[in-house]
Structure formats: C-alpha cells, structure tokens
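S.K.: need a structure here:
(one chain, ligands or ions: 3)
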Amino acid sequence: MQYQLQGLYGITDAELMPSTEVMLKKVEQSIKGGAKIIQYRDKSSDLQKRVEQASAVNHLCQNHKIPLLINDDAGLAAGIGAAGVHLGQSDGAIPEAREMLGEQAIIGVTCHDSLAFALQAAAEGADYIAFGAFFPSKTKPNATPAPLELLMQAKHEVNLPIVAIGGISVDNAAQIIDAGADMVAVIHALYAQNNIKATAQQFHQQFSNRI
Ligand SMILES: Cc1ncc(COP(=O)(O)OP(=O)(O)O)c(N)n1
Ligand SMILES: Cc1ncsc1CCOP(=O)(O)O
Ligand SMILES: [Mg+2]
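M.R.: Ligands and ions are numbered 1, 2, ... in the order given. All right, here's what the predicted structure looks like:
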C-alpha cells in the first residue's frame, strides 16, 4: 500500500502507555484525531512484550489504513508484517533492512542535526529522514539539538520527506512546519494529554492549513 508521508506522526511510549490496553486506546484516539503514521518505540529487552504490543498496534493501524513503523528493529517489523522500520545511526544498515522488509516498506532514518547523514541515508534508499531535537524533549532530554534552519536547507538539498522530532507541541509545530517539515513526530505533547484526540486534531489542523 502507498502511504502518505505527511502530517502528525505519533510515537508510543512505555511510560505513558503502561499496558497494551492503554497503548491501543491512546494510539486509536490519536488516529481518530488525524495522526497519519505511528511508530512503536519500546526500549526494553522484553521480546515477548514487544512482539505482543507491536502486533496489537499493527492490527489497529491496519484497520485504520495507517502505517506502523517499528523503532530500531527491522527483524521485529518483518516478523509482524509492519509497514516499516525507523533506524537510528546505530540501529543497523538500510540495505539490510530493505532486504528484510522489501521494496514497499517505509524505512526512516535519524539524521540528528546532520545534512551529511541525510544525504547518505537518501543514497542508501531511505524513505524519509528525521532531524531533531528541535526543542527540549521530556522523553529524550539528551537528544542532539538541531537548528530550525536545517529543515529549510534539507528541503532544498534532499529529495525525501522530512520528519522533525523533539519537544514538538501544538504551540511550536507551526514554526517547524513553516520551516519545511513534512511530518512532526511527537510523544509527550500528544500522549501525555488528557484529550489525545483533540490534541491530534490541533496538530492535524496545522497541516491542513497548508495543504
Ligand atoms: C521519527 C523518529 N525520529 C527520530 C527517532 C530517534 O531514533 P534514534 O536516534 O535511533 O533514537 P531512539 O528513538 O531509538 O532512542 C525516532 N525514534 N523516530
Ligand atoms: C526519540 C527522540 N529522538 C529525538 S527527540 C526524541 C523524543 C521525542 O519525544 P518528545 O516528543 O516527547 O520530545
Ligand atoms: Mg533507535
């Protein structure tokens, strides 16, 4: 299936979603509010939990025709038939992930604050590039800071959809989108909210204003 790589990109979080049931409810609310891509991100080594949760979220996403990407783990993505994988700079090679997942899979790559990483990811066959953190992140306080101007520069120099991540909220998303981001990836400012659907709608609105 061809997916639209634009809009709100929700990323799951083990602390904000302490059970699979809570995870499914929160992710569904975000999709109903307009999230276009979901990532399953769990940094634990509990393989059984990871398989169970990733499979459950994958079913939910498939029902809504939304792609689920698995963070870090192309093997898990292949095992549960997810739409793709998100790879950091130390999470394995793009060609190997492509081999495991196939031509249709979405492979996203973390580029931190580096245009050189982005150009390399593009040359190796990535489907999107991700920069950040653009703002202080509650989820990942030590993430490399990235400047807003990088988005505009990448827009001109790399022919791939761009994800911005790190401390993005409904209050600062507009400047990120104006600077050239095609997607905003959000954890805390989405999934820690009481009304996740309404928050997702607010993010979605900021993209709709520009389409
Ligand atoms: C969409 C998106 N962008 C960046 C990241 C960060 O990936 P990585 O640098 O590998 O860090 P971890 O998320 O694995 O801690 C991401 N997950 N998603
Ligand atoms: C995984 C990751 N990589 C850079 S910042 C970040 C966390 C994003 O979470 P939040 O939206 O809560 O800042
Ligand atoms: Mg990673």
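S.K.: Look through this structure and tell me its longest helix.
M.R.: helix 47-63 (DSSP state H).
S.K.: Stretch 24-40 near ligand 2 at all?
M.R.: No: Stretch 24-40 does not reach ligand 2 (C-beta under 6 Å from any ligand atom); its nearest approach is 8.9 Å. (Glycine included, C-beta is placed from N, CA and C.)
S.K.: and the residue in the chain that ligand 3 sits nearest to, how many neighbours?
M.R.: The minimum distance from the chain to ligand 3, using C-beta to the ion, falls at Gly88 (3.1 Å). The number of residues packed near Gly88 is 14, by other C-beta atoms under 10 Å.
S.K.: how about the closest residue to it other than its chain neighbours, what does it touch?
M.R.: If the residues on either side of it in the chain are set aside, Gly88 comes closest to Thr110, at 4.4 Å by C-beta to C-beta, 6 or more residues apart in numbering. Counting by C-beta atoms under 8 Å, 6 or more residues apart in numbering, Thr110 touches 86-89, 91, 117, 130.
S.K.: Next: Thr144.
M.R.: Residues counted as contacts of Thr144 (C-beta under 8 Å, 6+ apart) are 112-113, 132-133.
S.K.: Assign a three-state SS to it, would you?
M.R.: Secondary structure, DSSP: H, G, I helix; E, B strand; the rest coil: Thr144 is coil.
S.K.: so how far is ligand 2 from it?
M.R.: Distance, Thr144 to ligand 2, by C-beta to the nearest ligand atom, to the nearest Å: 8 Å.
S.K.: before we move on, what about Met1?
M.R.: 25 Å.
S.K.: Report the contact partners of that residue.
M.R.: 65, 67, 83, 104.
S.K.: Ala130 contacts Ile168, doesn't it?
M.R.: No: using C-beta atoms under 8 Å, Ala130 is not in contact with Ile168; the gap is 11.7 Å.
S.K.: overlap in contacts of the two?
M.R.: By C-beta under 8 Å, 6+ apart, Ala130 and Ile168 have these common neighbours: Ala185.
S.K.: Give the burial count for the closest residue in space to Ile31 that isn't next to it in sequence, as a bare number.
M.R.: Nearest non-adjacent residue to Ile31, counting by C-beta to C-beta, 6+ apart: His64, 4.9 Å away. If you count neighbours by other C-beta under 10 Å, His64 ends up with 15.
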